[in-house]
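> the amino acid sequence is not available; the structure is as follows:
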């Protein structure tokens, strides 16, 4: 499977140990039991991410680890960027495959996710989940709460259906008092915010594993004509 942003990876114990022992300088000097416990927890997958230019390490894959718990006065998750040897990755799960798993409905954003999944199926749209909702569905750990946003990945062949889906998502957000943030997954490996795509703009910010750049909206529209 191709490596894409947001996809989840299972990592061997050795790979996790390598990731911990080779943390960047910002984290290596502040290694704590919390960071070690996060990276070494087999239930918590790595999240594929783009490595910043100049920080890429040959033979490794850039991942991030995110804790289910929140810490400190600001109640922020512990998020740690790391690198894992490619050969220590045993499984890759796409954001779309995550939604083949059952959704608990424990929080408003998970209820919104269930309805979004059903609507996507009706419109012949592929839907993926990432962020806290995707992590909770995948791990069963309590990543979401009543204030959680819902991060989605959208892929389809028909722009009219995608537009209908987008405006239905806005209604779901109001229904569950939950901010939905869908990303349009493009054939060229880039993703753009769906909200920006339906704005009156000529260029959109695209993100991929390779980099970030502006993409003319017409180029994106033309992708759906082929």
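That came through fine. Keep in mind that this is a model prediction, so the values were computed, not measured.
> residues touching the nearest residue to residue 131 once chain neighbours are set aside, list them.
In this structure, residue 131 finds its nearest non-sequential neighbour in residue 151, 3.3 Å apart by CB to CB, 6 or more residues apart in numbering. Where C-beta positions appear, they are placed from N, C-alpha and C, glycine not excepted. For residue 151, the contact set (CB atoms under 8 Å, 6 or more residues apart in numbering) comprises 6, 129-134, 181, 183.
> can we see that at 10 Å?
Contacts for residue 151 (CB atoms under 10 Å, 6 or more residues apart in numbering) come out as 6, 95, 109, 113, 128-135, 179-183.
> equivalent analysis for residue 146, please.
107-109, 176-178.
> residue boundaries of the helices in the chain?
Ranges of helices within the chain are 13-21, 25-28, 33-40, 95-98, 108-122, 131-139, 159-176, 194-197, 217-223, based on DSSP state H.
> picking that back up, taking the contacts of residue 146, tell me the two that lie furthest apart.
Pairwise distances across the contacts of residue 146 (CB to CB) peak at 11.0 Å, for the pair 107 and 177.
> give me the more crowded residue out of the two.
residue 107 (22 against 11; other CB atoms under 10 Å).
> is it true that the more buried one touches residue 132?
Yes - in this structure, residue 107 is within contact of residue 132 by CB atoms under 10 Å, at 9.2 Å.
> any common contacting residues for the two?
Residues touching both residue 107 and residue 132 (CB under 10 Å, 6+ apart) are 142-145, 148, 150.
> let's have the residues you listed in JSON lines, adding neighbour count.
Putting the shared contacts of residue 107 and residue 132 into JSON lines (neighbours: other CB atoms under 10 Å) gives the following:
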{"residue": "142", "neighbour count": "14"}
{"residue": "143", "neighbour count": "24"}
{"residue": "144", "neighbour count": "25"}
{"residue": "145", "neighbour count": "14"}
{"residue": "148", "neighbour count": "19"}
{"residue": "150", "neighbour count": "28"}
